[in-house]
Each structure stands twice: as structure tokens, then as C-alpha cells.
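fold the following.
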Amino acid sequence: MTKILLVDDEARALEALGRTLQMMGYQTVGASDPKTAQDRLRTERYDILIADLIMPEIDGIGILEFSKKADPDLPVIILTGYGTVRSAVEAMKKGAFDYVTKPYNIDEIDLIIKRALKQRDLLLENRMLRETLSQRFPFANIVSEDDAMKHLLRQVQTLSNTDSTVLIAGESGTGKELIARALHYSGIRQNAPFVIIDCGGLTETILESEIFGHVKGAFTGAYYHKKGYMEVADGGTLFFDEIGELPFPLQKKLLRVIQEREFSKVGDTKILKTNIRILTATNKDLKTEVDLGKFREDLYYRLNVISLHLPPLRERLHDVPSLANHFTREFNVRLNKRVTRFTEEALDKMMNYPWHGNVRELKNMVEKIMNFKEDEIITLEDLPEEIRNLKDTKHSFSRPFKEIKREAVTDLSKEYIKGLLSLHKGNVSKAALKAQMDRGNFRKLMKRFNISAKEFR
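Numbering: from 1, shown residues only. The predicted structure follows:
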């Protein structure tokens with residue numbers, strides 16, 4: 001049943017409209033106080049919002065703006081008198097689906113509701129289609145111009161059609177889950193489940209039950225048999241996120257799964273077989289954890305048969321513009337915005353910021369900016385204070401380094417060489433690779449310009 005939130009400070013009008021819509025088969029929830037309506041929008045889901053335009057404290061446009069933050073796809077219909085039609089038109093410019101003038105015709109409202117529901121269904125259908133496509137074409141969500149990342153993605157494509165266990169290492173926010181999804185959805189198990197286990201989010205007892213399942217009576221509160229992720233993911237992929245947080249006793253049980261492809265539920269002696277691919281990710285140095293006695297050495301070597309390392313964003317700063325534009329396009333769709341670009345001044349600041357939270361921090365920043373953005377260009381003033389107030393650095397990386405062939409070596413400048421070394425923290429091999437030059441020739445240029453790699457380490 002379609003659920004409609006009605007907001008009107010006039011109690012009689014609210015009750016009358018609610019009763020009429022209920023007779024027509026709709027479920028209605030009324031709020032005579034706009035603040036109550038805001039609380040409901042925070043905690044409940046609705047199919048339609050109908051709000052009176054003129055109300056004290058918070059008017060219909062205020063409710064509209066709040067609803068767009070709570071649920072951007074929620075259709076909003078504004079009720080207005082003849083004298084405030086111009087304001088209702090302004091509300092439509094701000095995202096309202098339509099408006100109805102008082103005294104309203106209930107058949108007209110019914111027609112508008114049906115059109116709004118149809119539009120909402122189309123939006124949801126398009127979103128589901130985009131999500132399906134992102135699964136079927138997982139590499140579309142991984143944006144990079146970095147040579148190391150491109151090499152890693154070629155490895156992912158090769159590994160996707162195997163059943164080998166893969167350990168994905170990298171700092172938080174670098175996109176380890178995206179790589180795991182790409183391994184699954186581009187491989188032979190793509191039509192089977194992809195199940196994620198957050199090893200650091202639950203207590204040992206609950207985590208054991210979630211992974212392996214339990215039988216009735218296995219422990220206090222086990223009132224029924226429960227399937228674990230091992231069974232749910234059968235035939236597909238089980239992704240252990242932050243495997244370094246897995247409690248030590250459960251590490252032994254996971255080792256058995258990898259070695260024997262079998263397990264037992266909590267409280268049961270029955271042996272169950274499983275057909276899953278295991279992928280893991282960590283932001284810790286597992287070898288160090290082994291040395292500290294916090295991680296089983298035998299499990300480490302089982303997981304580390306094939307390892308992929310995701311570089312932090314600060315090591316591939318020239319990806320910042322392409323990632324920022326990618327997220328801008330994504331949030332244009334989600335938030336119904338029309339942002340076209342970042343200014344070069346804004347990109348310069350962004351490319352000199354260390355991004356300790358990596359790609360996730362960049363994505364969150366773009367989302368926050370676009371929630372409040374009303375025009376089409378993101379400027380320096382829109383950036384967070386910690387980025388906006390960065391001191392100007394010697395090098396600007398807002399534009400990717402041009403690709404330079406060996407015959408164009410003479411065009412290389414001293415600043416270009418220093419910029420490459422700065423970007424790669426004094427690693428001459430990586431800097432030469434980026435310039436598509438022989439390492440020896442690159443060193444000759446360093447010598448000619450009296451540049452030492454040590455000053456960039």
C-alpha cells in the first residue's frame with residue numbers, strides 16, 4: 001500500500017485530506033507540526049510527501065529541502081492557495097514534483113500521486129539497473145590513470161577466472177572491497193553470492209555464529225538453527241574484510257576451511273562441505289602480526305598465496321581529478337544535481353592534500369559539497385577548511401603529467417624532473433617509468449640539473 005506523509009498545520013484540513021486519501025486506498029500519516037514531519041522523515045520511509053506551503057516556523061519549501069536530504073527520490077507535492085502560486089513554482093524549481101491549488105480537486109491530487117509514483121518507480125528501476133551494471137561491469141567503478149593501479153587491474157582480470165585465495169592489502173579507504181567485487185563479478189562465480197564479513201565489527205562469539213552458523217541450543221539465546229555465511233555463500237565468494245581483526249580461535253577454523261573445504265556449525269559435530277572462493281583484505285601488516293603472535297603463521301601463508309597491494313591516494317595524486325569527476329557524475333545522479341566541474345584552483349589544492357582517508361575521504365568530501373551545491377562549478381571556497389587553507393606548494397599537479405616519449409627528452413625541464421621525484425617520494429625507477437624513460441637516461445638528466453633523489457624522500 002502506498003504510504004503518504006501529509007504535513008499541514010491546520011488540523012481539520014489535515015484530517016480531511018487524510019480520510020479522503022484513505023478511502024481511495026492510500027495509507028496516510030499526518031503531521032500538523034513540521035518538526036514532527038522532519039523526525040518522521042529521518043526514521044521512516046514514505047512513497048509520497050504532501051505538504052502545505054504556508055506554515056509557521058518551517059514552511060513547505062523548508063520541508064521540501066529537508067526531505068531531499070533525507071530521501072532524494074521522494075516525490076513532494078505542494079498544496080498552495082491562489083495567491084502563492086508563484087512560490088509553489090519556486091518549490092518546483094527546488095525539486096518539488098508538482099503543486100495543487102486550494103480548494104483542491106481530489107481527483108486531481110489522485111492523478112498527480114499516480115504520476116509521482118510512476119516517476120519514483122522509474123527512478124528506483126534505473127538505480128537497480130545501475131547497481132546491476134556496476135556488478136556486471138565492476139571495473140567501471142575503479143578509476144585510475146596510475147601505472148601501478150593499471151598493472152594491478154590487469155592482475156585482477158587474470159585472477160578473476162581462478163579459485164585462488166587472494167589477499168588484498170592497503171590502507172583504509174583505498175578500495176579493497178571494490179577489488180574484491182571485481183574479482184568476483186568478472187569471474188566464473190559471478191552468478192553466485194558475494195558475501196562480505198566484517199571481521200572487526202562483532203564479538204568473537206557472534207562472529208563465529210555469523211560465519212559458521214549454529215544449531216538450536218548451541219548457546220544461550222540460540223532458539224533456532226541458523227545458517228552461517230559459509231552456507232549462504234556456497235558456490236560463490238566469501239570476502240573477509242579486515243582479516244587481521246579475526247579472533248585467534250576463529251583463525252584455526254578458517255584454516256580448516258581453506259585446507260579441507262569443510263566446517264561445522266557452532267554446537268554441532270556434523271561435518272559440512274563448502275564450495276566457496278575466499279578473498280581477504282587487511283590494512284595491517286600481517287607478517288608483523290604473525291611476529292607479534294597475533295596472527296597464525298600457517299593461516300598467513302595460506303592467505304598470502306597471491307597478494308595485491310593497493311597504493312594510497314597520496315602516492316597517485318594525479319588520480320585525484322579523474323576520481324573527483326567520477327564521484328561528481330555519480331552524485332549528480334543520486335542528488336539530482338548538475339555540477340559540471342572543479343575549478344583548476346580547487347584541484348591544485350586537492351592534489352597537494354595528503355588524503356589520509358584515501359579515496360573514501362575524497363568521495364565523502366565530494367558528496368558533502370554537492371549536497372549543498374546549487375550552481376554548476378565547485379570552487380576553492382567549497383572545499384573543507386583543512387584543504388582550502390593549505391599553503392601553496394612548489395609543484396602543482398592539477399593536470400596529469402604529459403606522456404613523454406624518448407625522442408622528446410629534450411623538452412623535459414628541471415621542474416618536471418623534480419615534480420616526478422616529489423610525486424614518487426624520490427623513487428627514481430618509478431619516476432623514470434612515469435616519464436617512459438630508461439632509468440639511466442633519467443639519472444643523467446638528474447645529474448645535468450643537479451637534482452638529488454634524497455631531498456624528496
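
how about stretch 62-69: buried residues?
I63, L64, F66, S67, K68 (16 or more other C-beta atoms under 10 Å). C-betas here are computed from N, CA, C, even on glycine.

leaving out the residues flanking it, which one is nearest to the first one?
Read that as I63. A51 (4.6 Å; C-beta to C-beta, 6 or more residues apart in numbering).

helix/strand/coil for the one you found?
strand (DSSP: H, G, I helix; E, B strand; the rest coil).

now do Y224
coil.

can you count the residues close to the closest residue to it other than its chain neighbours?
Using C-beta to C-beta, 6+ apart and skipping residues adjacent in sequence, the residue nearest Y224 is K216, 5.5 Å away. A total of 11 residues lie near K216 under the criterion other C-beta atoms under 10 Å.

what's near enough to touch K216?
By C-beta atoms under 8 Å, 6 or more residues apart in numbering, the contact set of K216 is A222, Y223, Y224, H225.

now those as a markdown table including distance to F139 and pLDDT?
Shown next, in a markdown table, are the contacts of K216 (distance: C-beta to C-beta, whole Å; pLDDT from 0 to 100):
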| residue | distance to F139 | pLDDT |
| --- | --- | --- |
| A222 | 42 | 75 |
| Y223 | 44 | 75 |
| Y224 | 41 | 80 |
| H225 | 39 | 84 |
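
give me the phi and psi angles of the residue nearest to I258 when sequence neighbours are not counted.
What sits nearest to I258 in space, not counting adjacent residues and going by C-beta to C-beta, 6+ apart, is R302, at 5.0 Å. Dihedral pair for R302: phi -70, psi -40, per degrees, to the nearest 10.

run through the residues that contact R302.
So R302 contacts T165, L255, I258, Q259 (C-beta under 8 Å, 6+ apart).

just the buried residues of these.
By 16+ other C-beta under 10 Å, the contacts of R302 give T165, L255 as buried.

mind listing the strands for the stretch 201-350 of the chain?
Along the stretch 201-350 of the chain, counting by DSSP state E, counting those that start in this stretch, strands occupy 237-241, 262-263, 272-273, 277-282, 306-309, 341-342.

quick revisit: take the buried residues of stretch 62-69 and keep only those in strands.
Among the buried residues of stretch 62-69, none falls in strands (DSSP state E).

mind putting these in JSON lines, distance to A11 and pLDDT included?
As requested, these are exported to JSON lines (distance: C-beta to C-beta, whole Å; pLDDT from 0 to 100):
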{"residue": "I63", "distance to A11": "17", "pLDDT": "93"}
{"residue": "L64", "distance to A11": "21", "pLDDT": "92"}
{"residue": "F66", "distance to A11": "21", "pLDDT": "92"}
{"residue": "S67", "distance to A11": "21", "pLDDT": "91"}
{"residue": "K68", "distance to A11": "26", "pLDDT": "87"}
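
so which of those is the closest to L178?
Among those, K68 lies closest to L178 (C-beta to C-beta), at 27.9 Å.

was I right about the closest one contacting A91?
No: the criterion here is C-beta atoms under 8 Å, and K68 misses it with A91 at 11.2 Å.

identify the contacts common to the two.
Common neighbours of K68 and A91 (criterion: C-beta under 8 Å, 6+ apart): V76.

low-confidence ranges in the stretch 101-250 of the chain?
126-138, 140 (pLDDT under 70).

quick one, helices of it?
106-136, 147-159, 176-185, 204-212, 229-232, 248-260 (DSSP state H, counting those that start in this stretch).

now do the buried residues in the fifth one.
For helix 229-232, the buried set under the neighbour-count rule, 16+ other C-beta under 10 Å, comprises Y229, M230, E231.

what does the second one give?
Residues of helix 147-159 classed as buried: A148, M149, L152, L153, V156, L159 (neighbour count, 16+ other C-beta under 10 Å).

tell me how this structure divides into domains.
3-131, 141-311, 314-388, 406-456 (automatic domain parsing).

next, count neighbours for K391.
Neighbour count for K391, taken as other C-beta under 10 Å: 5.

ok, E260 next?
Neighbourhood size, E260 [other C-beta under 10 Å]: 11.

how near is it to K69?
Plainly put, E260 is 51 Å away from K69 if you go by C-beta to C-beta, to the nearest Å.

just to revisit the earlier point, from the buried residues of helix 147-159, which single one is nearest L308?
Distance to L308, by C-beta to C-beta, is smallest for L152 among the buried residues of helix 147-159, at 5.8 Å.

from Y300, how far out is the closest one?
21 Å.

then I142?
Noted for I142: a distance of 27 Å to Y300, by C-beta to C-beta.

picking up where we left off before, now do the same for the residue nearest to I258: its pLDDT.
R302 is assigned a pLDDT of 95 by the prediction.

would you quantify the distance from it to R154?
The gap separating R302 from R154 is 25 Å, by C-beta to C-beta.

for K444, same thing?
31 Å.

save the helices of the stretch 101-250 of the chain as TSV, and put in distance to F240 too.
Converted to TSV, these look like this (distance: least, C-beta to C-beta, whole Å):
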stretch	distance to F240
helix 106-136	20
helix 147-159	17
helix 176-185	9
helix 204-212	9
helix 229-232	9
helix 248-260	8
